[in-house]
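Student: Sequence isn't available, so here's the structure alone:
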C-alpha cells in the first residue's frame, strides 16, 4: 500500500502490533517497538510470563500509539451506569460482560483468558469468540469495574460500551428451533425403526407386538406433532390472521391430516399410519429452517443510534466540578466537554475551542471538518484534537441525525414472495385433485372416499417446496457470507434477485476515504523538499498529514527537525535543516488560491495538495459486468466537481445527483419506487441511513470488520464490492434452483398421487417416496447451489485479474 | 410373504416377543438419554462458539488451571 512497506529500512516491525517502526524506534531486549504503549504491554506480559501471546500469532497486538484518555471510563464509577453492565453481583464477586471489538485471533483468546495472572483480583475471564465478548468475574472489593475496563484498554482491548448495553439486556439467541429439531430427529429415527417391519410388509406374527409397535409410534409422534411442528402452526396462523395464504398453511393442513388419519388407524387397529413420513417431513423442514435462519452473531443489522453513541459525557457545571452524566440525562442548555476522539452526542453550539470533527461515519468522508466558536455542530461526529465545549441545543434523541436514523419506513406488508405464490397455486391444484378423487369414489365406492382424500392431502403436501427453498437459501446465505456479503435473512435473497434499479452512494461507497490520495499542483518539489514535508507531517496525527507522510516517507536522507508546532484545524509548521516550512489551510499559509493543503517553504508558497477521491479497485469492470437490464443511479452529498471522472466509470446517461441531503436521497428512492422500481441502495454512512431503510434492499458497505453500519438488509465488505454482479447473479439463480428441485418433487408427487387417488397408497410406498424425494431435493439444492456459486465466483476471479 | 412365517408359533416364541419389547424400551431410553444430553448441551451454549474451545484446550498452564467458569452468566 504505502511506500513505507517497500523500503528495506522499514522492515523493522513492532514486536507487539506489527506496524512499521519509525526511524527512532524504541528497543527493549533487541525487540523493536513502534511506540511506548506497545512496549509497556510487552513488558507487562513478559513480567507475567505471558509472552506465549507473541508465539501463537505473529504481531497479534493492537497498536497503542494513540493513547486512550486517562479518565475515559470514569462513568463506570457511576453506580447507575455500572448496574446496567453488571450481570450478577454479590459481596465477593461481580460478573460483567464487555464487548471487545479488537478480539481477532487465538493470541487474544490466550491473553484475555489469563487476565487473572495480570491482576489477581480478577477471578476468571472467558471469551465468546463469535460474539467478541469477554465475561469477567472479579472481586469488587479489590478492583473496580472501571479498573477492569482500564486494564483491558491498557492491553489494547478497549471495551466498547454503548447506550444500548445499559438497561435492556441483549436478547439471547433463540435456541427453541434447535430443541424442536433435536426432538423431531429423535422421534423420527425411532418411529422409522418401529415402522420398518410394517413398511416392509412383514406381517407381525403376534398381534400384541404389532399393536405395541403401533402405539409406541403414536406415542413418539406426539412430541413431533405438538411440540416440534409448532413454528409451522404459528406461521400459518399469522398468515391466516392477515388474510393471507402462505406456504405454511398447506403444510399444516398436511400435518394435521396425516396425524389424524394415522392416529385413527392405530386406535381403530386398521393400520399403522404414516407417522414416519410425518415426523420425517417435520424434521427435514425444521433442519432447513435452522440452516436458513442461522444469523451472523457478530453483525448487527438493526443498529439504532444508541449503539453508536457513548454511554456518558462530561457535563460542565457553573459552580462545581464537571460531572460525568449518562447520555439520556443530557438536557438542552447543558454544556458538554468533548475530548479528543469522543463522539458529539447532541446538536450544539460550539462555545470554546476549535472543533475539527471527523464525520466519517455520517458522510463517509474522513477528512475532519473545522468549526469555529458560535457555529452549530451536528451530533455524530468525532472530535479530533484538543477538547471543545458545546452548548446543547437539542437533546440526544431529538438531534438531526438521530431523527434521521430513527425514521421509520412504512410498516412492512407481507410481500407475496415467489415461494408463497407458487405454493398457493400448488395448493389450489391439490384441492381440485382431492375433490375430484372424492367425487369419483363417492360414486363408485364411498368407503374409499376418506382414504383417497386423506392420501392426496398427505402426498401433495408442498413440503418439497419448503425444503428446496430453505435449503437453497440457507446454502446461498452461507456461500455469500463466506465471500463477505452478509444478508439479514433469506427474504433479502429474493429482493436482490428481483431488483430492477441499483442506487449507489459515492463517498465512502464507491470511493475509499480511509486513505486519502493527494495530488500536487504548483512549483515542482525537490526530493529534499519532499523529504522535509514527510518528516514534518510524520509528527502529526491528522489524516491528511498521515497521507502526506505516507506519500513521501519515510525520510531516507538525514534531515533534522529543529522545531515543530501543530495548530489543530489550521496546519503545522517547523524548521527542517534551517528552512522554515508551513503546511496547512489557505489562511494558515497565507494564500488565496484554490486547494486543500498548502505548502510554503521560507514563507514562499510552493503549491497545494488536493484530496482526490480514490475509487475502489475494480469498479469499472464491476459496473460493466452488471446485468444491462439493471438501471443505475448515483447519489452524492458532494458537489458535481467529479462528474467528469464518474462518467469514465458509468454510462454518462445514468442519473447522477449531486449535493443530495440525506433526506433527498431517501426521497429519490421513494420516487423510483413510485415508478414501480425495486430498488437496491448501496451506501455506507449515516447520511444514507434513511435511504437504506426506504429501499427494498439496503446494502451497507463496511470498510472494516468492526465498523458500524447503519440499519440495513445486508452488509457488504468494501473489498468485495467488485463482486456485486456475481452476488446478484447468485441471488437470481437461487430461484431457478428452487424451481428445478420443485419440478423434480412434482414427479414424485404425481407417482404418489396416482396411488393416492386409487386409494391404494401403502405405508411402504409412502415410506419410500418421502425419503427419496427429500434426499434428491437436498442433493439437488446443495449440489447445484455450490456448483453455481463456484462457477460464478471463478468467473469473477478471472474478471478481476484483468486490469480494468 | 406371510407363508414364510408359521401361523402358529411355538410357546417359546412368545417369550422372545416380550424380550423384543423390553429391548425396544431399553433402546429408546438410551436414545432419549442422548437426546437429553444434546438438549442440555445446546442449553449450556456448547455449540455457540466453535472457535475458542478447540484452541483453549491447547493452552496448557501448569501452575494455574482455571477452574472457575462463568456458568452463572446469562
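Tutor: Okay, I see it. Being a predicted model, the structure only gives us computed values, none of them experimental. Numbers count the residues shown, from 1 in each chain, chains lettered A, B, ... in the order given.

Student: Residue 30: how many residues sit nearby?
Tutor: If you meant another chain, say so; for now it's chain A. Residue A:30: 6 surrounding residues under other Cβ atoms under 10 Å in any protein chain shown. (Each C-beta comes from the backbone N, C-alpha and C, glycine too.)

Student: Chain B is the one I meant
Tutor: Counted with other Cβ under 10 Å, the neighbours of residue B:30 add up to 10.

Student: hmm, the longest helix along chain B touching chain A?
Tutor: Secondary structure assigned by DSSP state H gives helix B:11-43 as the longest helix of chain B. Yes. Taking Cβ under 8 Å from any Cβ of the partner chain as the criterion, helix B:11-43 and chain A are in contact, through B:13-14, B:17, B:20-21, B:24, B:28, B:31-32, B:34-35, B:38-39, B:42-43.

Student: tell me the mean pLDDT for the helix ranked longest in chain A?
Tutor: Using DSSP H to define each element, chain A has its longest helix at helix A:763-801. Confidence for helix A:763-801, expressed as mean pLDDT, is 74.

Student: and residue A:127, what are its phi and psi?
Tutor: The phi/psi pair for residue A:127 (degrees, to the nearest 10) reads phi -100, psi 140.

Student: now the helices for the stretch 101-250 of chain A?
Tutor: In chain order, the stretch 101-250 of chain A shows helices spanning A:106-112, A:115-118, A:145-154, A:176-199, A:207-223, A:230-241, A:248-268, with DSSP state H, counting those that start in this stretch as the criterion.

Student: what's the angle from the fourth one to helix A:230-241?
Tutor: Here helix A:176-199 points in a direction 110 degrees away from that of helix A:230-241 (axes from the mean of the first three to the mean of the last three Cα atoms, to 10 degrees).

Student: before we move on, back to that, any idea of the mean pLDDT in the longest helix of chain B?
Tutor: On average, the pLDDT along helix B:11-43 is 82.

Student: Which strands and helices lie in contact with it?
Tutor: If you count contacts as 3 or more Cβ pairs under 8 Å, 6 or more residues apart in numbering or on different chains; DSSP states H and E, helix B:11-43 packs onto helix A:176-199, helix A:207-223.

Student: does any bit of the last one sit next to chain B?
Tutor: Yes. Using Cβ under 8 Å from any Cβ, a contact is recorded between helix A:207-223 and chain B, made by A:208-209, A:212, A:216, A:220.

Student: quick one on the thing from earlier: output the helices of the stretch 101-250 of chain A as a markdown table; include the columns mean neighbour count and mean pLDDT.
Tutor: A markdown table is the format used below for the helices of the stretch 101-250 of chain A (neighbours: other Cβ atoms under 10 Å in any protein chain shown; pLDDT from 0 to 100):
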| stretch | mean neighbour count | mean pLDDT |
| --- | --- | --- |
| helix A:106-112 | 23 | 82 |
| helix A:115-118 | 19 | 82 |
| helix A:145-154 | 20 | 86 |
| helix A:176-199 | 21 | 87 |
| helix A:207-223 | 18 | 86 |
| helix A:230-241 | 15 | 88 |
| helix A:248-268 | 20 | 88 |
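
Student: Export the ones you listed as TSV, with columns for distance to residue A:781.
Tutor: TSV is the format used below for the helices of the stretch 101-250 of chain A (distance: least, Cβ to Cβ, whole Å):
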stretch	distance to residue A:781
helix A:106-112	35
helix A:115-118	46
helix A:145-154	45
helix A:176-199	18
helix A:207-223	27
helix A:230-241	20
helix A:248-268	18
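
Student: Nearest to residue A:657 among those would be which one?
Tutor: For these, proximity to residue A:657 was assessed by Cβ to Cβ; helix A:230-241 is nearest, at 39.6 Å.

Student: Quick one: list the elements packing against that closest one.
Tutor: Using 3+ Cβ pairs under 8 Å, 6+ apart as the contact criterion, the elements in contact with helix A:230-241 are helix A:176-199, helix A:248-268, helix A:275-293.

Student: which residues touch the first one?
Tutor: When you say that, I think you mean helix A:176-199. A:204, A:210, A:213-214, A:216-217, A:220-221, A:223-224, A:227-231, A:272, A:275-276, A:279-280, A:282-283, A:286-287, A:289-290, A:293, A:763-764, A:767, B:24, B:28, B:31-32, B:34-35, B:38-39, B:42, B:47 (Cβ atoms under 8 Å, 6 or more residues apart in numbering or on different chains).

Student: Sweet, I'm off.
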